[in-house]
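>>> Can you look at this prediction? I've put the sequence above it.
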Amino acid sequence: MDLDEVLPNSHYVTRQSRWIDAPADVVWEELHAVRLSGLPVTVVLGAARFLPVLLSGKGFGELRDRPFLEALPVPLLSSTEPESVVFGGVLQAWRLGGGESGPELDAEGLQQWMRPGWVKAAMDFRLTPARGGTELSSETRVLATDPTTRRRFALYWAFVRPGSTAVRWEVLTAVQLKAERRMSVRGST
């Protein structure tokens, strides 16, 4: 499954990629091993984002240490080892308390969801063999379900996009450092 099957059209897109000097199976393992505790920028930005939720007394468990891929705001839709993981769901992220909880949808349900007042969000991490190593990329797509929501989300996105991009870069860098360190240890034994 790829993002075109989940969210072929979008209003907002970010893409990041990094070449890693390691085979895809090692990169896959390290991507799944990255924990929030190893991502200081992500933890700080996540705490800032969830501050209203935390102050309301809800969601203290959301920031505990766990694998990064398990802490994403949308559920896993597809995992094809060692090629890609795809996540997607509906959100009201711009609302101070995080908005209502949306239904958990599969890829087809997400494509068909058009209830006003929501954004559909999808993201992936894709591993592609390249130049004797692996290209690890991440793409995030967001589509508002109506014009009013698109305007509201645009303000939120203008503020949040730099942090969202920083989180992806931090994850890609953490995976690169761990995978390449692992290969270097393998090579020296």
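Sure, I can see it. Numbers count the residues shown, from 1 in each chain.
>>> what's the weakest-modelled helix or strand in the protein?
Lowest by mean pLDDT, DSSP states H and E among the helices and strands of the chain is helix 40-55, with a mean of 58.
>>> Heading C-terminal from it, find the next helix or strand.
Elements were assigned by DSSP states H and E; along the chain past helix 40-55, the next helix or strand is strand 76-80.
>>> Identify the neighbouring strands of that next one in the sheet and state each direction.
strand 84-91 (antiparallel) (DSSP bridges).
>>> helices or strands up against the helix or strand following the strand it pairs with?
Using DSSP H and E, the helix or strand that follows strand 84-91 in sequence is helix 107-112. Packing partners of helix 107-112 (3 or more CB pairs under 8 Å, 6 or more residues apart in numbering; DSSP states H and E): helix 3-6, strand 76-80, strand 84-91. Where you see a C-beta, it was placed from the backbone N, CA and C, and this is true even at glycine.
>>> could I get these as JSON lines with mean pLDDT, distance to residue 37 and mean neighbour count?
Below are the helices and strands packed on helix 107-112 laid out as JSON lines (pLDDT from 0 to 100; distance: least, CB to CB, whole Å; neighbours: other CB atoms under 10 Å):
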{"stretch": "helix 3-6", "mean pLDDT": "93", "distance to residue 37": "29", "mean neighbour count": "18"}
{"stretch": "strand 76-80", "mean pLDDT": "97", "distance to residue 37": "21", "mean neighbour count": "16"}
{"stretch": "strand 84-91", "mean pLDDT": "96", "distance to residue 37": "20", "mean neighbour count": "22"}
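>>> Residue 37: what's it in contact with?
Neighbouring residues of residue 37 by CB atoms under 8 Å, 6 or more residues apart in numbering: 43, 65.
>>> hmm, try it at 6 Å
Counting by CB atoms under 6 Å, 6 or more residues apart in numbering, residue 37 touches residue 65.
>>> just to revisit the earlier point, any chance of the helices and strands packed on helix 107-112 in TSV, with distance to residue 110 too?
Below are the helices and strands packed on helix 107-112 laid out as TSV (distance: least, CB to CB, whole Å):
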stretch	distance to residue 110
helix 3-6	6
strand 76-80	8
strand 84-91	5
